[in-house]
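**Student:** sharing a model that was predicted from the sequence below.
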Amino acid sequence: MEESVSELLELENEEALLDEMMIRYGQSILELVYSYVHNQSVVEDLTQEIFVKCYKALHTYQRDAKFKTWLWRIAINHCKDYLKSWYHRKVWMTEKMASFTGPATQNVEQDILNKESEEVLAHAVLRLPVKYREVIYLYYFEELSIKEIEAIIDVKINTIKTRLKRAKELLKVELEGC
């Protein structure tokens, strides 16, 4: 997908460019944003804002980094700005977490047990402080390397490793209590 980014950037029709960005990266950005804000309606608004922000900032994209890394960095910074905003701190959030589940299998009992386990883990991850939650999400759910995470969140590799270790310890304590 990354090798066709230059094709994406060559699109002359602004609307087609924005549509193609959303098609290619929309779901992953939506999931990333959800890992920060935990509210589906806010997630959708923030995701739209992120794509508009990226579109307006395309002229600043330097091809020395992967396009996805550049896009994710904008998304993460936008989420952090939202979390610091007055709106987020003062407005009561009532929407419950939506569950992201995989494909169904033949064994209904196993599906129910798997779903419960996934929900328990997802709730535990979402209760982590942001600095731990983001590295867990990027490393385990998005399967990014520590080097890629370093580029996205602009934190040194050793700090990322420490945060991963600490997050796993916190999750272990949390899950043992369940």
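**Tutor:** Alright, I've got the coordinates. Note that the coordinates shown come from a computational prediction; the quantities given were computed from them, not determined experimentally.
**Student:** tell me the domain boundaries of the chain?
**Tutor:** For the chain, the domain assignment from automatic domain parsing gives the residue ranges 1-98, 107-178.
**Student:** reformat those domains as a markdown table; add mean neighbour count and mean pLDDT.
**Tutor:** All C-beta spots, glycine's among them, are computed from the backbone N, C-alpha and C. Shown next, in a markdown table, are those (neighbours: other CB atoms under 10 Å; pLDDT from 0 to 100):
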| stretch | mean neighbour count | mean pLDDT |
| --- | --- | --- |
| domain 1-98 | 15 | 76 |
| domain 107-178 | 15 | 84 |
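**Student:** nearest residue to the middle of the chain?
**Tutor:** By CA atoms, centre = their mean, the chain has its centre lying nearest to Leu32, at 1.3 Å.
**Student:** so which elements touch the helix or strand containing that one?
**Tutor:** Assigned by DSSP states H and E, Leu32 falls within helix 14-37. With contacts taken as 3 or more CB pairs under 8 Å, 6 or more residues apart in numbering; DSSP states H and E, helix 14-37 sits against helix 5-10, helix 40-56, helix 67-84, helix 130-136.
**Student:** list the residues that contact the residue nearest to the centre of the chain.
**Tutor:** By CB atoms under 8 Å, 6 or more residues apart in numbering, the residues touching Leu32 are Trp72, Ala75, Ile76, Cys79, Tyr137, Glu142.
**Student:** so the third one touches Asp154, yeah?
**Tutor:** No - with contact defined as CB atoms under 8 Å, Ile76 does not count as touching Asp154 (9.1 Å).
**Student:** what is in contact with the two at once?
**Tutor:** With CB under 8 Å, 6+ apart, Ile76 and Asp154 have no common neighbours.
**Student:** thinking again about what came up before, okay, among the contacts of Leu32, which ones form the most distant pair?
**Tutor:** Greatest spatial distance among the contacts of Leu32 (CB to CB): Cys79 and Glu142, at 14.3 Å.
**Student:** please name the nearest non-neighbouring residue to Tyr25.
**Tutor:** Leu71 (5.9 Å; CB to CB, 6 or more residues apart in numbering).
**Student:** now that neighbour: how far from Glu169?
**Tutor:** According to CB to CB, to the nearest Å, Leu71 and Glu169 sit 31 Å apart.
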